[in-house]
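**Student:** test case, fold it:
(chains A and B)
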Amino acid sequence: MMEEEEWSEEQQRFSYLQRLKAAVHYTVGCLCEEVASDKDMQFSKQTIAAISEVTFGQCENFAKDLEMFARHAKRSTINTEDVKLLARRSHSLLKYITEKNEDIAQLNLEKKAKKKKKLEDENRNSVESAEAGVEES
Amino acid sequence: MAYNFSPDSEPTTRTLLRQVLDTAVPRTPRRARSTRSGAQRDLLETPSSRRQRSQTKMTARRRSHTATSVDRLARVQASGHLEEQTPRTLLKNIILTAPESSIVMPEAVVKLVPSPQVVQPSRRKSSRGSLELQLPELEPPTTLAPGLLAPGRRKQRLRLSEFQQGMDWGHLSQEPRENADASSLTSSLNLTFAMPLQPQSVKRPGLARRPPTRRVVDVGTFLQDLRDTSLTVAPPDSGPGKPAQLLARKMEEVEAIAMGLPNTSSVSGEDGIEPLQNGVGEEAEESMEESMSVREVEKAAEEQGSARAEEPEGHTEVAAAAGSLGAIEAKEPEGSSEDEDTSASPELPPSTPEFLRTRRLQFPEPAPPPSTAVLPSELPKHLSARIPPRPRIPGSRPRQDPNKAGLNHYAKLFSFYAKMPMEKKAEEMVEKCLDKYFQHLCNDLEVFAAHAGRKTVRPEDLELLLRRQGLVTDQVSLHVLVERHLPLEYRQLLIPCAFSGNSVFPSQ
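**Tutor:** Now for the predicted structure:
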């Protein structure tokens, strides 16, 4: 009974993996179509399959590395720092990631600022309305 | 006493003698003493039987003799008591009481190998020892390879055998062997000693120094240029006059050597040759890689336009110059020793490269005078600063990138493990790759340490690095790798181990 359960679990994992791989394959196919229409070149199916396999393998590696980096920094959550460490090898990718990171940071800051403003406005409004109410009254 | 002895392909001396002794009718009244000798059989049996057995190794037939050896021993014993000693008894004694060193023992083999030409018959009847008897019996395996090893090993074994025989007989026969007496015994050994010495030098080409192959260097222009530079150098060289003197002294030798060069026949000035010596040495080192220097020399020579009578003997490149330059380079350290004044000669080799380097600096400057002011100041500086002499490796650059200095060693290791000869360019590529690899490695370590908010690299960073490389896995941990690959001292430093007294080293 236990063995059957384990085997069925394995089957589930396997099917899960297959689904993931299929998803990656589909995404890679869409991207390649875009590039093909862009550069006026054609991609064979083996190419797309190879690219998707490599991508999937690299994703596994990245995940392990990210986990290692997070553990190395004695954290339990993967951070943007870990991602940057992962991408340090290719300069363009690193630049891209840092820029995106800065954009996101800015967005966060802006959001926070907006939230603060909203809160302040609300506070002022409430105060003003209170004052107005006081005044009116 | 009848034994089944069938003469076959190897009638050795011993067997012949045995035959003679056994078949002939004994004439001495030994039978009367057989009873007494029988009591002493047991005493003598073991050593003699040992000897017999050792001798029986020689031929398969000997085994049949062991049974009869006792009888012979008895006879020997009995005969020993006789005051009258016949040649027969003497021979018997020789055969039976021979030392344990038999042919099969290495010392005898070794002795035999270098003496294939020994004349046998004269020594058979010698009373000196059975070794000589054994010498002709072995067919000399005329392979020189063991002969090569013979001289070293033979001396050891000779001493062994000497000891043994001294024990057995108290003979002094072995000493003259080593002292090369005039006896017939040792005369052949003189031959044997003499013989392997030659093949030793011939048959070990790997150890012999191959003359380093050098590219052709235009010696004529060098002579010219060096003469000119030395002219300017020599006068202001009052301080470091010693090297100049030595250089001047070396000149003659270099001259003599240069005379051998077909083109450099008109070298006369002493000054010109002294830098030539160094120039040749230095150039010889770099000629393989820097042919530009030749052109530089030519340019400088043309620019300086020496007014010397000796005209550069054409700019034809001399093929022999390469080899002779190598000879010059090789003779240079020897030449220094040949000088009368050898006191400053050790200073010379370290000083000459610097001198040359300074001379090189002159090349781009067509005017020698400004450089001469530089030279005397540089010379004493170099002399003092570079007393740990730079090893003059022929063919290596004197100027090396300090960052890549240590990688040369690894590149050579690489070429060793490749088991094939490697080109210089390949070695350089390997150096470059190793350089980049190590740079990457150290960068990673630094980044890992910074990632953990530290400024010091710790073993955890290394473990992370090795994990990324795939060397450390869930099955194989860092400690396992340390145990596998590092020597014991490092293991003790890295892996904490509990010692007595509740102490753990290294402390966690």
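
**Student:** pull the longest helix from the chain.
**Tutor:** Reading this off chain A. The single longest helix within chain A, with elements called by DSSP state H, is helix A:91-136.

**Student:** wrong chain, I was asking about chain B
**Tutor:** Per DSSP H, chain B has its longest helix at helix B:424-451.

**Student:** does that helix reach chain A?
**Tutor:** Yes - judged by Cβ under 8 Å from any Cβ of the partner chain, helix B:424-451 comes into contact with chain A at B:447, B:448, B:451. Every residue, glycine included, has its C-beta placed from N, CA and C.

**Student:** tell me the buried residues within these.
**Tutor:** B:448, B:451 (16 or more other Cβ atoms under 10 Å in any protein chain shown).

**Student:** for the residues of helix B:424-451 next to chain A, give me JSON lines that also has pLDDT.
**Tutor:** As requested, the residues of helix B:424-451 next to chain A are exported to JSON lines (pLDDT from 0 to 100):
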{"residue": "B:447", "pLDDT": "90"}
{"residue": "B:448", "pLDDT": "90"}
{"residue": "B:451", "pLDDT": "89"}
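
**Student:** quick one: residue B:95 and residue B:486, what's the gap?
**Tutor:** Distance of residue B:95 to residue B:486, given as Cβ to Cβ, to the nearest Å: 62 Å.

**Student:** mind checking which of the two has more residues around it?
**Tutor:** Between residue B:95 and residue B:486, counted using other Cβ atoms under 10 Å in any protein chain shown, the more crowded position is residue B:95 (20 against 14).

**Student:** just to revisit the earlier point, can you give me the buried ones in the longest helix of chain B?
**Tutor:** Across helix B:424-451, burial judged by 16+ other Cβ under 10 Å covers B:427, B:430, B:431, B:434, B:435, B:444, B:445, B:448, B:449, B:451.

**Student:** shaky segments in the stretch 51-200 of chain B?
**Tutor:** Scanning the stretch 51-200 of chain B for pLDDT under 70 picks out the ranges B:51-84, B:99-200.

**Student:** I'd guess residue A:84 is in a helix, am I close?
**Tutor:** Yes - the assignment for residue A:84 (DSSP: H, G, I helix; E, B strand; the rest coil) places it in a helix.

**Student:** do I have it right that it meets residue A:101?
**Tutor:** Yes - under the criterion of Cβ atoms under 8 Å, residue A:84 makes contact with residue A:101 at 7.2 Å.

**Student:** ok, the two, which is more surrounded?
**Tutor:** residue A:84 (17 against 14).

**Student:** any idea how far the residue lying closest to that one once chain neighbours are set aside lies from chain B?
**Tutor:** Excluding the flanking residues, the one nearest residue A:84 by Cβ to Cβ, 6 or more residues apart in numbering or on different chains is residue A:97, at 6.0 Å. Separation of residue A:97 from chain B (Cβ to the nearest Cβ, to the nearest Å) stands at 15 Å.

**Student:** what does residue A:46 give?
**Tutor:** Taking Cβ to the nearest Cβ, one finds residue A:46 at 28 Å from chain B.

**Student:** can I assume that residue sits in a helix?
**Tutor:** Yes - counting by three-state DSSP, residue A:46 is part of a helix.

**Student:** pLDDT value on it, please?
**Tutor:** pLDDT for residue A:46: 93.

**Student:** now do residue B:485
**Tutor:** Value for residue B:485, per-residue pLDDT: 89.

**Student:** kindly report the same for residue B:349.
**Tutor:** 46.

**Student:** same check, this time on residue B:443
**Tutor:** At residue B:443, pLDDT is 89.

**Student:** the one 3 residues further on too?
**Tutor:** Confidence per residue is given as pLDDT, and for residue B:446 that number is 90.

**Student:** how about the one 10 residues further on?
**Tutor:** Note on residue B:456: pLDDT of 89.

**Student:** mind listing what the residue lying closest to it once chain neighbours are set aside touches?
**Tutor:** Using Cβ to Cβ, 6+ apart and skipping residues adjacent in sequence, the residue nearest residue B:456 is residue B:449, 6.4 Å away. Contact analysis of residue B:449 by Cβ atoms under 8 Å, 6 or more residues apart in numbering or on different chains lists B:455, B:456, B:457, B:458, B:461.

**Student:** most neighbours out of those, which is it?
**Tutor:** Neighbour max across these (other Cβ under 10 Å) = residue B:461, 21 neighbours.

**Student:** phi, psi of that one?
**Tutor:** Backbone torsions for residue B:461, taken as degrees, to the nearest 10, come to phi -60, psi -40.

**Student:** who's in contact with it?
**Tutor:** A:72, B:445, B:448, B:449, B:452.

**Student:** ignoring the adjacent residues along the chain, who's closest to it?
**Tutor:** Residue B:461 sits nearest to residue B:448 (Cβ to Cβ, 6+ apart), 4.1 Å away.

**Student:** next, the contact list for that neighbour, please.
**Tutor:** A:72, A:85, B:457, B:461, B:464, B:465.

**Student:** nearest to residue B:421, of the residues you listed?
**Tutor:** residue B:465 (34.1 Å; Cβ to Cβ).

**Student:** what number of residues lie near that closest one?
**Tutor:** Neighbours of residue B:465 (other Cβ under 10 Å): 17.

**Student:** how near is it to residue B:499?
**Tutor:** 30 Å.

**Student:** kindly report the same for residue A:60.
**Tutor:** Counting by Cβ to Cβ - residue A:60 and residue B:499 are separated by 43 Å.

**Student:** what of residue A:71?
**Tutor:** 31 Å.

**Student:** now residue B:222
**Tutor:** 67 Å.

**Student:** what about the two, which has more around it?
**Tutor:** residue B:222 (26 against 9).

**Student:** quick one: secondary structure of that one?
**Tutor:** Reduced to three states by three-state DSSP, residue B:222 is helix.

**Student:** quick check: residues of chain A near chain B?
**Tutor:** A:65, A:68, A:69, A:72, A:73, A:74, A:81, A:82, A:85, A:88.

**Student:** so which bits of stretch A:9-29 are buried?
**Tutor:** Within stretch A:9-29, the residues that qualify as buried are A:24, A:25, A:28, A:29, counting by 16+ other Cβ under 10 Å.

**Student:** which helix or which strand is home to the first one?
**Tutor:** When you say that, I think you mean residue A:24. According to DSSP states H and E, residue A:24 maps onto helix A:2-39.

**Student:** sorry, back to before: for the residue nearest to residue B:456, give me the pLDDT.
**Tutor:** pLDDT, residue B:449: 91.

**Student:** distance-wise, check residue A:93 relative to residue A:100.
**Tutor:** 11 Å.

**Student:** same check, this time on residue B:412
**Tutor:** 47 Å.

**Student:** ok, now residue A:127?
**Tutor:** For residue A:127, the distance to residue A:100 - Cβ to Cβ - is 40 Å.

**Student:** likewise for residue B:449?
**Tutor:** 26 Å.

**Student:** now do residue A:47
**Tutor:** 28 Å.

**Student:** got it, and residue B:416?
**Tutor:** From residue B:416 over to residue A:100 the distance is 49 Å, taken as Cβ to Cβ.

**Student:** test my guess that residue B:468 contacts residue A:66.
**Tutor:** No - in this structure, residue B:468 is not within contact of residue A:66 by Cβ under 8 Å, at 11.6 Å.

**Student:** thank you, goodbye.
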